[in-house]
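> Just need the structure, nothing else, for what follows:
(2 chains)
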There are 2 protein chains.
Amino acid sequence: MANDTAKQPLLSGFLDPAPQTNKKDAPKRRRLRRCRSAPLAEKVAMYLVMYLGVGTLCFYLVRNQIVGEKTDGVLDAVYFCIVTMTTVGYGDLVPSGVPTKLLACAFVFTGMALVGLVLTKAADYLVEKQEILLVKALHIGQTIGQTEIRKEIEINKVRYKCFVVFAFLLLLIVVGTIFLFAVEKLNLVDAFYCVCSTITTLGYGDKSFSTKAGRVFAIFWILSSTVCLAQLFLYVAELNTESRQRALVKWVLTRKVTTVDLEAADLDDDGVVGAAEFIIYKLKEMGKISQEDISLVMEEFEYLDVDQSGTLSASDIMLAQSSQRWK
Amino acid sequence: MANDTAKQPLLSGFLDPAPQTNKKDAPKRRRLRRCRSAPLAEKVAMYLVMYLGVGTLCFYLVRNQIVGEKTDGVLDAVYFCIVTMTTVGYGDLVPSGVPTKLLACAFVFTGMALVGLVLTKAADYLVEKQEILLVKALHIGQTIGQTEIRKEIEINKVRYKCFVVFAFLLLLIVVGTIFLFAVEKLNLVDAFYCVCSTITTLGYGDKSFSTKAGRVFAIFWILSSTVCLAQLFLYVAELNTESRQRALVKWVLTRKVTTVDLEAADLDDDGVVGAAEFIIYKLKEMGKISQEDISLVMEEFEYLDVDQSGTLSASDIMLAQSSQRWK
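Coordinates of the predicted model:
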């Protein structure tokens, strides 16, 4: 398949992260991917603002059908909205009329979906941005280039994300506990208990935010701390998957290659295994690609290979595209 | 790379889901994968039983430090444990002493992690089993073979899972509402409101299970309905990802292949693109494999290709493995 003289470009193509022939595409693609999550995060933030706006308006209008510890009309409406959408549900404010109860049901379902969106789209984007600061902080005093930062993040991506979110969560727990102690006048155990009961969305409701200042704080703190804990659970799961995947990759790459493997990898049955054939065989073994993926692309290959030579050349492409596409 | 006579085995290898050379491995691998989730589901079930056992014992021992609407000692302990681990947290029973409060904090965190495990390991396994019944039901009156069932499930996997979980959830909602209406003597709106407030883990607590019969029912119903709703959200997200992935695959396979593509796909720079090279290029474009994956395998390839011919043969393997592994 390849002779000695052809080996150099082949390897440079494989080993260089931005191969020569792709060099002009590579930065474009990266920019595209980076840009994609930013507007998504903005979109989710917009949904969140809209949701809270509509929620506040609705619950403000039916404020007479909400009973419990009240402070200020609008503030209580936002607070009730946040406590409902995060599924904390203290019960310090509860709907009493039929329409308000049904409204709360509608808001909790949409709120859950929205929190899910925040978790998968917006939060991840924000955490990724913080990662850069973390790596810079870890290398404080050293001069470290953009490329090195990017490289270090690439290798430890999920681990650093876990670390960033965990640090944020700790900060939120400490701030929440101190606030409940200082402003809501709870003792330290009760303050910590209320914090735990809130960030896990448990919300028994025996301790909650009942002062005006407390509810203003709660609006921001509840949303960020519940999202933070859920995100941490997501990252830990991701870390777990990743380490299992890495172990599999290591096993696939270090186990002995036998002649049986060579036979199986030799797709064109020419008695030897080319680099590309070997790559496909190993990636399939790692579970990164499936036979179905391969079959799909092969159909396209067969269609393009008009002269049925088993390889594609420029003339194949011209022939295939000048004839009408027949499927 | 391949000539006309070599083409037939090449294509049969690619298009047949179980290629000739792999035929003896394929069923083994499938069996392996099927077996792996069953013990995992059992393991998770065991954890759940252990968790509830320890939880019940703990909360039974500190039952004097739990205040609220009480029925029976052990029953309340199990009920409190379930309400806490699912983060429903009605607040109809709340811890009053310092050790009990801290115990509840510990239980809600571990409970969340456990529910996460149930969601990702056990529930998926159960739903997959139900899928087979669903496909059989859809083809009632027709004779349908095991292979056809398996094939239809493979294509619509996530969609059917959504359907199964959604059906279960509806059933749980109806059963829960009727139960609260009949046994807990709530009116229909309140019963539905309590159901919504529970399955979303909101748990305001103004309506909850306060009778003995209600709490026995709640133990089973709360756990299954909260897991069911969370699993539905997970499947909808999966469906969303899958359909975006499918759109990308379709775009990659139907867009015009240009000579620029050929140049980029030609890894060994021999002027033509072989089937394996084409597959790697397209799968990379689909985002299924990354340059990093390819580079890793290429290192292994280079190491094995002792005679540096650019291809692996049986003699390469023997040479590589007789010499000491140097990395």
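
> Low-confidence regions, the stretch 101-250 of chain A specifically.
The stretch 101-250 of chain A contains residues with pLDDT under 70 at A:141, A:143-144.

> need the residues of it near chain B, please.
Contact residues, the stretch 101-250 of chain A versus chain B (C-beta under 8 Å from any C-beta of the partner chain): A:101-102, A:104-105, A:108-109, A:112-113, A:116, A:120, A:189-190, A:192-193, A:196-197, A:200-206, A:229, A:233, A:237, A:249. For the C-beta atoms, the positions are set from N, CA and C on the backbone; glycine is no exception.

> Show the buried residues in those residues.
Listed as buried from these are A:101, A:104-105, A:108-109, A:112-113, A:116, A:120, A:189-190, A:192-193, A:196-197, A:200-206, A:229, A:233, A:237, A:249; burial here means 16 or more other C-beta atoms under 10 Å in any protein chain shown.

> Any idea how many residues pack against whatever residue of the stretch 201-327 of chain A ends up closest to chain B?
The nearest approach of the stretch 201-327 of chain A to chain B comes at A:G310, 3.1 Å away (C-beta to the nearest C-beta). Under the neighbour criterion other C-beta atoms under 10 Å in any protein chain shown, A:G310 is assigned a count of 22.

> From A:I149, how far out is it?
Taking C-beta to C-beta, to the nearest Å as the measure, A:G310 falls 45 Å from A:I149.

> where do the helices sit along the stretch 51-200 of chain A?
For the stretch 51-200 of chain A, applying DSSP state H, counting those that start in this stretch gives helices covering A:73-85, A:98-117, A:123-138, A:146-182, A:188-199.

> Go through those and name the closest to B:L133.
Closest of the helices of the stretch 51-200 of chain A to B:L133 is helix A:98-117, at 27.6 Å (criterion: C-beta to C-beta).

> relative to helix B:188-199, how tilted is the closest one?
Helix A:98-117 runs at 20 degrees relative to helix B:188-199, counting by axes from the mean of the first three to the mean of the last three C-alpha atoms, to 10 degrees.

> So what touches helix A:98-117?
A:44, A:47-48, A:51, A:55, A:58-59, A:62, A:65-66, A:81, A:84-87, A:89, A:95, A:226-227, A:230, B:189-190, B:192-193, B:196-197, B:200, B:202, B:204, B:229, B:233, B:237 (C-beta atoms under 8 Å, 6 or more residues apart in numbering or on different chains).

> so where do the strands sit in the stretch 151-300 of chain A?
In the stretch 151-300 of chain A, the segments counted as strands under DSSP state E, counting those that start in this stretch are A:273-274.

> so is A:S309 in a helix, a strand, or just coil?
coil (DSSP: H, G, I helix; E, B strand; the rest coil).

> Who are the packing partners of the longest helix seen in chain A?
If you go by DSSP state H, chain A has its longest helix at helix A:212-254. On a contact count with 3 or more C-beta pairs under 8 Å, 6 or more residues apart in numbering or on different chains; DSSP states H and E, helix A:212-254 meets helix A:73-85, helix A:98-117, helix A:123-138, helix A:146-182, helix A:188-199, helix A:275-285, helix B:98-117, helix B:291-304.

> quick one: the first one to helix A:212-254, angle?
Think helix A:73-85. Relative orientation of helix A:73-85 and helix A:212-254, computed by the same axes, to 10 degrees: 30 degrees.

> ok, now the last one?
With the same axes, to 10 degrees defining the directions, helix B:291-304 sits at 20 degrees from helix A:212-254.

> do the same with the third one
Between the axes of helix A:123-138 and helix A:212-254, defined by the same axes, to 10 degrees, the angle is 80 degrees.

> Setting aside sequence neighbours, what's the nearest residue to A:D72?
Distances taken as C-beta to C-beta, 6 or more residues apart in numbering or on different chains place A:K212 nearest to A:D72, at 6.0 Å, with adjacent residues excluded.

> What distance do you get for the one you found to A:A218?
Between A:K212 and A:A218 the computed distance is 11 Å (C-beta to C-beta).

> Ok, A:L75 next?
10 Å.

> and if you look at A:D268?
For A:D268 relative to A:A218 (C-beta to C-beta), the value is 66 Å.

> Please apply the same query to A:K256.
For A:K256, the distance to A:A218 equals 60 Å [C-beta to C-beta].

> between these two, which one's more packed in?
Set A:K256 next to A:A218 and count neighbours by other C-beta under 10 Å: A:A218 wins out with 27 against 9.

> Spatially, what comes nearest to the more buried one if we skip its sequence neighbours?
Nearest to A:A218 is A:F209, by C-beta to C-beta, 6+ apart, at 4.1 Å.

> Contacts only, for that neighbour.
Counting by C-beta under 8 Å, 6+ apart, A:F209 touches A:Y79, A:D92, A:L180, A:E184, A:R215, A:F217, A:A218.

> Need those in a markdown table (columns: distance to A:E154).
Converted to a markdown table, the contacts of A:F209 look like this (distance: C-beta to C-beta, whole Å):
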| residue | distance to A:E154 |
| --- | --- |
| A:Y79 | 41 |
| A:D92 | 46 |
| A:L180 | 40 |
| A:E184 | 44 |
| A:R215 | 43 |
| A:F217 | 38 |
| A:A218 | 38 |
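
> filter those to the buried ones?
Among those, those classed as buried by neighbour count (16+ other C-beta under 10 Å) are A:Y79, A:D92, A:L180, A:E184, A:R215, A:F217, A:A218.

> Quick check: the fourth one vs chain B, distance?
Distance from A:E184 to chain B, counting by C-beta to the nearest C-beta, to the nearest Å: 16 Å.

> Give me the number of neighbouring residues for the closest residue to that residue other than its chain neighbours.
In this structure, A:E184 finds its nearest non-sequential neighbour in A:G214, 5.1 Å apart by C-beta to C-beta, 6+ apart. Look at A:G214: counted by other C-beta under 10 Å, it has 19 neighbours.

> Correct me if wrong: A:G214 contacts A:K185.
No - using C-beta atoms under 8 Å as the test, A:G214 is too far from A:K185 to be in contact (9.8 Å).

> Centre of the chain to stretch A:205-217, how far?
Stretch A:205-217 sits 31 Å away from the centroid of its parent chain (C-alpha atoms, centre = their mean, to the nearest Å).

> Then stretch A:200-213?
Stretch A:200-213 has its C-alpha centroid displaced from the chain centroid by 29 Å (C-alpha atoms, centre = their mean).

> Which strand or helix spans A:A320?
Secondary structure here is read from DSSP states H and E; on that basis A:A320 sits in helix A:314-322.
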